[in-house]
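Chemist: quick one, structure for this:
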Amino acid sequence: MTTNKSQTPKEIVDVLNKYIVGQTDAKKAVAVALRNRWRRLQLSPELQEDIIPKNIIMMGPTGVGKTEIARRLAKLANAPFFKVEASKFTEVGYVGRDVESMIRDLMEIAVTMVKKKKKEEIKEQAKKAAAAKVANLLRKDNNDIDNTPASDSFYVINDEKPRKTRKKLVEEILAGKHDDKDVTITIEIQAMPMMNILGPQGADNMMDDMGINIGEMIGNMLPKNKKDKTMKVKDALKALTSEESNKMLDMEAVKKEAKYKVENNGIIFLDEIDKIASAGGGHGPNVSRDGVQRDILPIVEGSTVNTKYGMIKTDHILFIAAGAFHMSKPSDLIPELQGRFPIRVELNSLNSEDFVKILKEPKNSLIKQYTAMLETENINLRFTDGAIKEISKIAFKVNTKMENIGARRLHTILEKLLEDLSFNAPELKDDEVVVDAKYVKKYLNDIVEDQDLSKYVL
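Modeler: Numbering: from 1, shown residues only. Alright, predicted model coming up:
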């Protein structure tokens, strides 16, 4: 299931508040959408089929938190999440990506997620099997250990003495007592580098759109080359553990669970949806935009897409669309597509007070990031409240004078502010650097006032 019963919409918003400043309406909307997914899964299968997700459109300028809200929501739900720009798609018949590819990409992400989880579950078992193989290799050079040929049933030995000896050796390997010994293992290597056999990217996309992975097919047909490699026991244990994990992995179970996750918990974030809205009617480039909308429509409405892992139903995938909508508006989308995004929330532009909160409050705020980075050089970087206010004021001022890129402006401001410090950090003798308002003005005021320079620097 997507979320634990104890995670109410209020609790989901509380978690989002740790990473994103403001935007309460958007947080509430996604929290309810996430909770509704859990509610749906508590109902009878018959009723579940009829309950469709309430897709969301988030409107607001760049850098105000649209993508971050969706990304954090997916992490919170432990759900497959895929972000794609709607402008990357073209109408069927034109050169470009087909809209169905986003479902295939989402399925790939889900398979990777499930494989990682399954491998973690069998990690100890795989490590023991790998240690058994290493023990079999070590005992060849040790007269005190039984030299019976190695077998997969490592512990099933009739003779009590060699069984105890081997078990003890395995335990010692797992405990790290033989880490620095050399051992020669046989590893599989690729027979030849995989080349782009089809040539143009469009051809690759065409095969991908058919749910066929040519590289994987050819890779399976090629003979597996094996090579002996000598390494330390601790490195051999890692390599063999990975190999054993892959052998133990039940790919059919992985595909089944990934399919369930995508169909019931999957989230697709359609960014830049305003770029395919046609404000001027269906002529010129708007013809293609309308075509992309019509291609997206059946995916959002609910259809079946062919992937290399099987057929995927899109009926219950949650779609979150986002766009600045400064040149168009949601009503410029075709009516059918509008109807599939019933929830609309507007995100506010950020002011200097918001920037102060963004710099100080989030769990991994920019101030914390830069402080931690310079700690690696034994520099204690400290920002005063006056410095944070000055940085926020400058960021807001630059956004007002030039393109408004929201909180992303803080990245450019801080990077320029700390450029000299970051460059000279390895040679600095002082272990504490205090950034105050005076420091900020010294490094940034001239740049902000020089309009021509600020265009390139900030």
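Chemist: can you map out the strands along the stretch 1-150 of the chain?
Modeler: 56-59, 81-85 (DSSP state E, counting those that start in this stretch).
Chemist: and the longest one, what does it pack onto?
Modeler: Put plainly, it is strand 81-85. With contacts taken as 3 or more C-beta pairs under 8 Å, 6 or more residues apart in numbering; DSSP states H and E, strand 81-85 sits against helix 66-77, helix 101-121, strand 267-271. The way it works is simple: take the backbone N, C-alpha and C, and place the C-beta from them, glycine included.
Chemist: can you check the first one too?
Modeler: Applying 3+ C-beta pairs under 8 Å, 6+ apart, we find strand 56-59 packed against helix 24-41, strand 318-323, strand 343-346.
Chemist: how about 10 Å then?
Modeler: Packing partners of strand 56-59 (3 or more C-beta pairs under 10 Å, 6 or more residues apart in numbering; DSSP states H and E): helix 24-41, helix 66-77, strand 267-271, strand 318-323, strand 343-346.
Chemist: if we go by neighbour counts, what in stretch 310-327 is buried?
Modeler: Residues 312-325 are the ones in stretch 310-327 that count as buried (16 or more other C-beta atoms under 10 Å).
Chemist: determine which two of those residues are furthest apart.
Modeler: Farthest apart among the buried residues of stretch 310-327 by C-beta to C-beta are 313 and 324. That separation is 31.8 Å.
Chemist: output the buried residues of stretch 310-327 in TSV, with pLDDT and distance to residue 99 appended to each entry.
Modeler: Listed next are the buried residues of stretch 310-327 as TSV, based on pLDDT from 0 to 100; distance: C-beta to C-beta, whole Å:
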residue	pLDDT	distance to residue 99
312	94	13
313	93	16
314	93	11
315	92	16
316	92	18
317	93	13
318	92	17
319	93	12
320	91	16
321	90	13
322	89	17
323	88	17
324	84	21
325	85	21
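Chemist: just give the closest residue to residue 303, not the sequence neighbours.
Modeler: Excluding its sequence neighbours, the residue lying closest to residue 303 (C-beta to C-beta, 6 or more residues apart in numbering) is residue 314, at 5.6 Å.
Chemist: on that earlier part again, now, which of the buried residues of stretch 310-327 sits nearest residue 187?
Modeler: Among the buried residues of stretch 310-327, and counting by C-beta to C-beta, the member closest to residue 187 is residue 312, at 34.8 Å.
Chemist: how about the secondary structure of that closest one?
Modeler: strand (DSSP: H, G, I helix; E, B strand; the rest coil).
Chemist: pop out the phi and psi values for the residue nearest to it when sequence neighbours are not counted.
Modeler: Among residues not flanking residue 312 along the chain, residue 305 sits closest, at 5.0 Å (C-beta to C-beta, 6+ apart). Residue 305 adopts backbone torsions of phi -110, psi 140, taken as degrees, to the nearest 10.
Chemist: correct me if wrong: residue 305 contacts residue 268.
Modeler: No - judged on C-beta atoms under 10 Å, residue 305 makes no contact with residue 268 at a distance of 11.7 Å.
Chemist: shared neighbours of those two, which are they?
Modeler: 102, 103, 106, 262, 299, 314 (C-beta atoms under 10 Å, 6 or more residues apart in numbering).
Chemist: can you list the residues you listed in JSON lines and add distance to residue 329?
Modeler: Output for the shared contacts of residue 305 and residue 268, formatted as JSON lines (distance: C-beta to C-beta, whole Å):
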{"residue": "102", "distance to residue 329": "24"}
{"residue": "103", "distance to residue 329": "28"}
{"residue": "106", "distance to residue 329": "28"}
{"residue": "262", "distance to residue 329": "31"}
{"residue": "299", "distance to residue 329": "23"}
{"residue": "314", "distance to residue 329": "26"}
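Chemist: can you pick the most crowded of those residues?
Modeler: In terms of neighbour count, residue 262 stands highest of the shared contacts of residue 305 and residue 268 at 30 neighbours, by other C-beta atoms under 10 Å.
Chemist: for my notes, confirm that one occurs in a helix.
Modeler: Yes - assessed with three-state DSSP, residue 262 lies in a helix.
Chemist: nearest residue to it other than its sequence neighbours?
Modeler: Spatial nearest neighbour of residue 262, excluding adjacent residues (C-beta to C-beta, 6+ apart): residue 110 at 4.8 Å.
Chemist: for residue 358, same thing?
Modeler: residue 21 (4.9 Å).
Chemist: neighbours of that neighbour, how many?
Modeler: Residues near residue 21, counting by other C-beta under 10 Å: 20.
Chemist: quick one: residues contacting it.
Modeler: 64-65, 350, 353-362, 365, 407.
Chemist: which of these fall in helices?
Modeler: 353, 354, 355, 356, 357, 358, 359, 360 (DSSP state H).
Chemist: from the middle of its chain, how far away would stretch 79-86 be?
Modeler: Relative to the centre of its chain, stretch 79-86 is centred 9 Å away, using C-alpha atoms, centre = their mean, to the nearest Å.
Chemist: hmm, I typed the wrong one, I wanted stretch 334-345.
Modeler: 27 Å.
Chemist: ends of stretch 299-308, what's the gap?
Modeler: 18 Å (C-alpha to C-alpha, to the nearest Å).
Chemist: if you count neighbours, what's buried in it?
Modeler: 299, 300, 305, 307, 308.
Chemist: average pLDDT across that stretch?
Modeler: Averaged over stretch 299-308, pLDDT sits at 91.
Chemist: show me where the stretch 301-450 of the chain has strands.
Modeler: Counting by DSSP E, counting those that start in this stretch, the strands of the stretch 301-450 of the chain are 304-307, 310-313, 318-323, 343-346, 380-383, 432-435.
Chemist: of all these, which one is nearest residue 124?
Modeler: Of all these, strand 310-313 comes closest under C-beta to C-beta, at 30.5 Å.
Chemist: what lies in contact with that closest one?
Modeler: So strand 310-313 is in contact with 49, 100, 103-104, 106-107, 110, 211, 255-256, 258-259, 262-264, 266, 302-306, going by C-beta under 10 Å, 6+ apart.
Chemist: which neighbours does that strand have in its sheet, and in what orientation?
Modeler: strand 304-307 (antiparallel) (DSSP bridges).
Chemist: how far does the partner strand sit from its chain's centre?
Modeler: Centroid displacement of strand 304-307 relative to its chain, using C-alpha atoms, centre = their mean, is 22 Å.
Chemist: and stretch 240-248, by the same measure?
Modeler: Worked out by C-alpha atoms, centre = their mean, stretch 240-248 lies 24 Å from the chain centre.
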